[in-house]
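Colleague: following is a predicted model, sequence given first.
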Amino acid sequence: QVQPVESGGGLVQPGGSRRLSCTASGYAFSTYTMSWVRWTPEKGFEWVSEITADGGKSDYANSVKGRFTISRDNAKNTLYLQMDSLKPEDTALYYCLRGSSNTWQQEGSWGQGTTVPVHS
C-alpha cells in the first residue's frame, strides 16, 4: 500500500525556517520524480517543487524560488523540503506526492499532510 507520511510542520514566525520530511513506503521511491504540493482554503492546491528520481534536477514554483530547497535521500526513502525566509502566504497544508508539476494530480495515494502556519 502506497502511503506517504509527511512530518515537520508547525508554527513558524515570518522570516523563519522549517524542514519538512516525507517518508514513503509501498513503492520503489527511488524510481519516481517526487513533488511537494500545498493546499489552502483560499487558493486550493498549488504545486511547490519537484525533484527527479536521482535527485539531479529540481524545479520550483515562482512563489518559493530562492527560499525553498527540495532534496531526497533514496537510501532512506525520504523526501525533504527546506523552507527558509517563510512568509505568511506560505501558510498551508503540505503534501508530498509522486509525480512532477504536470502529473501530481494523477496520484491517487495521499498522506495526511503536515500543516505549516506562518505568523507572529
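Modeller: Yep, it's here. Numbering: from 1, shown residues only.
Colleague: which residue of this structure lies farthest from its centroid?
Modeller: Ser120 (22.8 Å; C-alpha atoms, centre = their mean).
Colleague: what distance do you get for the residue nearest to it when sequence neighbours are not counted to Lys87?
Modeller: Leaving aside its chain neighbours, Ser120 sits nearest to Gln13 (5.2 Å; criterion: C-beta to C-beta, 6 or more residues apart in numbering). C-beta here means a position set from N, CA and C on the backbone, and glycine is covered the same way. For Gln13, the distance to Lys87 (C-beta to C-beta, to the nearest Å) stands at 11 Å.
Colleague: and the residue nearest the centre of the chain?
Modeller: Trp36 (2.7 Å).
Colleague: and that one, that one's in a strand?
Modeller: Yes - Trp36: assigned to a strand according to DSSP: H, G, I helix; E, B strand; the rest coil.
Colleague: identify the bridge partners of it.
Modeller: Ser49, Cys96 (DSSP bridges).
Colleague: show me the beta-bridge partners of the closest residue to Lys76 other than its chain neighbours.
Modeller: Computed as C-beta to C-beta, 6+ apart, the closest residue to Lys76 that is not its neighbour in sequence is Thr23, at 7.6 Å. When assigned by DSSP bridges, Thr23 has beta-bridge partners Val5, Thr78.
Colleague: could I get the buried residue list for stretch 61-74?
Modeller: Neighbour counts over stretch 61-74 (16 or more other C-beta atoms under 10 Å) mark Ala61, Val64, Phe68, Thr69, Ile70, Arg72, Asn74 as buried.
Colleague: pull the CA atoms of that stretch into PDB?
Modeller: Only the C-alpha atoms of stretch 61-74 are listed here, as PDB (Å, rounded to 0.1, in the frame of the first residue of the first chain):
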ATOM      1  CA  ALA A  61       7.200  27.500  -8.200                       C
ATOM      2  CA  ASN A  62       8.000  31.200  -8.700                       C
ATOM      3  CA  SER A  63       6.400  31.900  -5.300                       C
ATOM      4  CA  VAL A  64       9.000  29.900  -3.500                       C
ATOM      5  CA  LYS A  65      12.000  30.000  -5.800                       C
ATOM      6  CA  GLY A  66      15.100  31.100  -3.900                       C
ATOM      7  CA  ARG A  67      13.600  30.300  -0.500                       C
ATOM      8  CA  PHE A  68      12.700  26.600  -0.600                       C
ATOM      9  CA  THR A  69      15.100  23.700  -1.300                       C
ATOM     10  CA  ILE A  70      13.900  20.200  -2.200                       C
ATOM     11  CA  SER A  71      16.100  17.200  -1.600                       C
ATOM     12  CA  ARG A  72      15.800  13.500  -1.200                       C
ATOM     13  CA  ASP A  73      17.600  10.500   0.400                       C
ATOM     14  CA  ASN A  74      16.800   7.400  -1.600                       C
END
